[in-house]
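Engineer: below: sequence and its predicted model.
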2 protein chains.
Amino acid sequence: MTITVYELDGIDDVRFSPFCWRTLLALRHKGFDDFERVPVSFRDRTPIAFSNQERVPVLADGDHWVNDSWDIACYLEDAYPGRPTLFGSDMGRAEALFINAWTQQIQTGLFNIVLWDAFQTVDPADREWWRAARQKLFGPIEAYREGSEEKLASWRDSLEPLRATLRVQACLSGDAPAYADYILFSAFQYTRCIGRDDVIEKDDPIRQWCERMMDLFDSYARAAPALGS
Amino acid sequence: MTITVYELDGIDDVRFSPFCWRTLLALRHKGFDDFERVPVSFRDRTPIAFSNQERVPVLADGDHWVNDSWDIACYLEDAYPGRPTLFGSDMGRAEALFINAWTQQIQTGLFNIVLWDAFQTVDPADREWWRAARQKLFGPIEAYREGSEEKLASWRDSLEPLRATLRVQACLSGDAPAYADYILFSAFQYTRCIGRDDVIEKDDPIRQWCERMMDLFDSYARAAPALGS
């Protein structure tokens, strides 16, 4: 059985989509390390035309395909129950859905800060498409060119529940990481890929946790191409 | 074995502490319904002097006692593994700790809105103590006398991760409630007890979930005394 992940691609093979990173890390957690990664550009979703929708990631497992990072994680958990668990239990899965929703809020706040940096990471051929799509949500992207220390400070404050948890236990999922960790870490991996890992301060417990996440699976996330790397 | 919960008491036997509610609901979830509830006033912690600390709730189980609502939940889960589970798995427990931390942030935002109403619910004999203690954290409590629609709107927005989760599943813990639900619901039970359940709008999915939580255990939370009830 061959597993394929269709994922967004940026400039210089930088794959920065936080949603796609959730899927990549879920696959590695489940012990898959020979899946294929197929780049999809922002402007051209032809590679995922088979899924009759335009969102990435899409995971194809033989003849079966799933889109949406949450549904993909649930699919992997249910289709491969003998492999390391992503959720621990039904209750763990349910709570991870809340963490998924919280991360959505955190990511929106983050996009609001690093939009200009993200733009630099988009393939030049995709920029026209990207600008039009993002402007609908965030207004003119030039407005994000100047840093906003105030927005950043408030965003860092909003991470306090994560910070408080990591002061007590090594990972969101307990002693060892699982899907809840990958959901959230993928947002920080996104900042790393677009050259903005300064959003988390050096002495923040969140950074130490990020470092551990980057070490996982033979430094899988750390080895990923990043803007300017 | 006799279980006793020492909990904060307000005017007219209104017991509004959200932390104490977490413990009461955890006990009911574990199938305990004959535990004793001992009121403790804000100004006089003599009933819990045995614990060598001043925080409530305190749970005494025979000769053993535990304080801090989170530690109490963990104690009940570990001491009574044969009774209905509060966390589902170690991973569920770890994720619930994050929800506990998130709720702390939500509760602080809430206190910032309803402080004056909370003050009305404090036993007159405790008000001098309470005012002094709260002013250290929140400034003069008279400043909270006038409602703030703006703070309330922003607080409601901050609940979006809960709302989004409840659009997909009946409870934070999945199909049925467990400790993650009790953590968060206890903040809303607090608003109910102090006569401010208007903080959640009528058509909000959070309200329907609150109604279900109030139905649990023979309407245990619904039957509790509330200010003006």
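Structural biologist: Noted; the coordinates are in hand.
Engineer: how near is residue A:145 to residue B:110?
Structural biologist: Distance of residue A:145 to residue B:110, computed by CB to CB, to the nearest Å: 37 Å. Placement of C-beta: from N, CA and C, glycine included.
Engineer: list the buried residues for the helix ranked longest in chain A?
Structural biologist: In chain A, with assignment by DSSP state H, the single longest helix is helix A:90-121. Buried residues in helix A:90-121, counting neighbours by 16 or more other CB atoms under 10 Å in any protein chain shown, are found at A:91-103, A:105-107, A:109-111, A:113-121.
Engineer: can you narrow the residues you listed to ones near chain B?
Structural biologist: A:91-99, A:101-102, A:105 (CB under 8 Å from any CB of the partner chain).
Engineer: of those residues, just say which sits nearest to chain B.
Structural biologist: Here the nearest of these to chain B, counting by CB to the nearest CB, is residue A:91; it sits at 2.7 Å.
Engineer: who touches that closest one in this structure?
Structural biologist: B:85, B:87-89, B:92, B:173-174, B:178, B:180 (CB atoms under 8 Å, 6 or more residues apart in numbering or on different chains).
Engineer: distance of the closest residue in space to residue A:188 that isn't next to it in sequence relative to residue A:192?
Structural biologist: Spatial nearest neighbour of residue A:188, chain neighbours left out: residue A:210 (5.0 Å); criterion: CB to CB, 6 or more residues apart in numbering or on different chains. According to CB to CB, residue A:210 stands 8 Å off from residue A:192.
Engineer: again with residue A:125
Structural biologist: For residue A:125, the distance to residue A:192 - CB to CB - is 23 Å.
Engineer: okay, now the unreliable bits of chain A?
Structural biologist: For chain A, residues meeting the criterion pLDDT under 70 lie at A:1.
Engineer: not counting its neighbours along the chain, what's nearest residue A:130?
Structural biologist: residue A:122 (4.7 Å).
Engineer: what's the neighbour count on the one you found?
Structural biologist: 24 (other CB atoms under 10 Å in any protein chain shown).
Engineer: surely it meets residue A:10?
Structural biologist: Yes - Residue A:122 is within contact range of residue A:10, at 5.7 Å (criterion: CB atoms under 8 Å).
Engineer: closest to chain A among the contacts of residue A:91?
Structural biologist: Nearest to chain A among those is residue B:88, at 2.7 Å by CB to the nearest CB.
Engineer: sec struct for that closest one, please.
Structural biologist: coil (DSSP: H, G, I helix; E, B strand; the rest coil).
Engineer: next up, the contacts around it.
Structural biologist: Residues near residue B:88 by CB under 8 Å, 6+ apart: A:88-92, B:173, B:178.
Engineer: do the same with residue A:191
Structural biologist: By CB under 8 Å, 6+ apart, the residues touching residue A:191 are A:110, A:114, A:197, A:199-200.
Engineer: again, only using 7 Å
Structural biologist: Neighbour list for residue A:191: A:110, A:114, A:197, A:199 [criterion: CB atoms under 7 Å, 6 or more residues apart in numbering or on different chains].
Engineer: tell me the spacing between it and chain B.
Structural biologist: Per CB to the nearest CB, to the nearest Å, residue A:191 is found 20 Å from chain B.
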